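> Sequence first, predicted model second:
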Amino acid sequence: MDIKSIQRNKKAYFNYEILEELEVGMELEGTEVKSVREGRCSFSDSYVIAKNGELILIGFLIQPYSHGNIFNHVPDRKRRLLAHKQEIRKFTRKVNERGFTIVPLEIYLKGNLVKMKIALARGKNVRDKKDAIKERDMARDARRELREINSY
């Protein structure tokens, strides 16, 4: 199956410690699918809630389709995520018991279908974020030095 990544939520990887991932489908309208294929979507402050045995994506912005007409979609509506009941129950139980958050990580095309990767996450504290920045900077410096050594 051909997988084409459309967008990743880099902020989620920085602000949260990712514990468990799940691939889900999305309930979209026709013009939303076309907009997503054009890459006109944004993760800005989006999150997932579990309500009445369903996963609902809130705050995910899909811009109106450029060639749409009066039947174009509402950009910031709540969207239902499609997953198996036992997976929804498992995520809901962990959110309620342990206080985790469900965050969207990535949106991609899998064949003709729009899929989203969501994850159970725990918020990082400020010290963990500083450590992540420090590790990233050290890795960048190491790559730079290695590149300079290899260029001679």
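Arrived safely. Please read all numbers here as calculations on a predicted model, not as lab measurements.

> which helix of the protein spans the most residues?
helix 126-151 (DSSP state H).

> what about that one, average pLDDT?
What helix 126-151 shows for mean pLDDT is 88.

> Could you do stretch 49-60 as well?
Average pLDDT, stretch 49-60: 92.

> Name the nearest residue to residue 37, sequence neighbours excluded.
Of all residues not flanking residue 37 in the chain, residue 109 sits nearest, at 7.0 Å (Cβ to Cβ, 6 or more residues apart in numbering). (Each C-beta comes from the backbone N, C-alpha and C, glycine too.)

> How many neighbouring residues does residue 148 have?
Applying other Cβ atoms under 10 Å, we find 9 residues neighbouring residue 148.

> how much space between it and residue 140?
As defined by Cβ to Cβ, to the nearest Å, residue 148 lies at a distance of 13 Å from residue 140.

> So which residues of this structure form helices?
Using DSSP H, the helices of the chain run over residues 10-15, 30-37, 85-98, 126-151.

> who does the closest residue to residue 101 other than its chain neighbours bridge with?
Counting by Cβ to Cβ, 6+ apart, the nearest residue to residue 101 once its immediate chain neighbours are dropped is residue 121, at 5.2 Å. With DSSP bridges applied, the residues forming beta bridges to residue 121 are residue 18, residue 101.

> Return the distance of residue 111 relative to residue 25.
Counting by Cβ to Cβ, the gap from residue 111 to residue 25 is 12 Å.

> which residues are contacting stretch 61-76?
Contact with stretch 61-76 is made by 28-29, 31-32, 34-36, 38, 40-42, 44, 46, 59-60, as judged by Cβ atoms under 8 Å, 6 or more residues apart in numbering.

> show me what contacts the residue nearest to residue 101?
Listed by Cβ under 8 Å, 6+ apart, the contact partners of residue 121 are 12, 16, 17, 18, 19, 100, 101, 102, 103.
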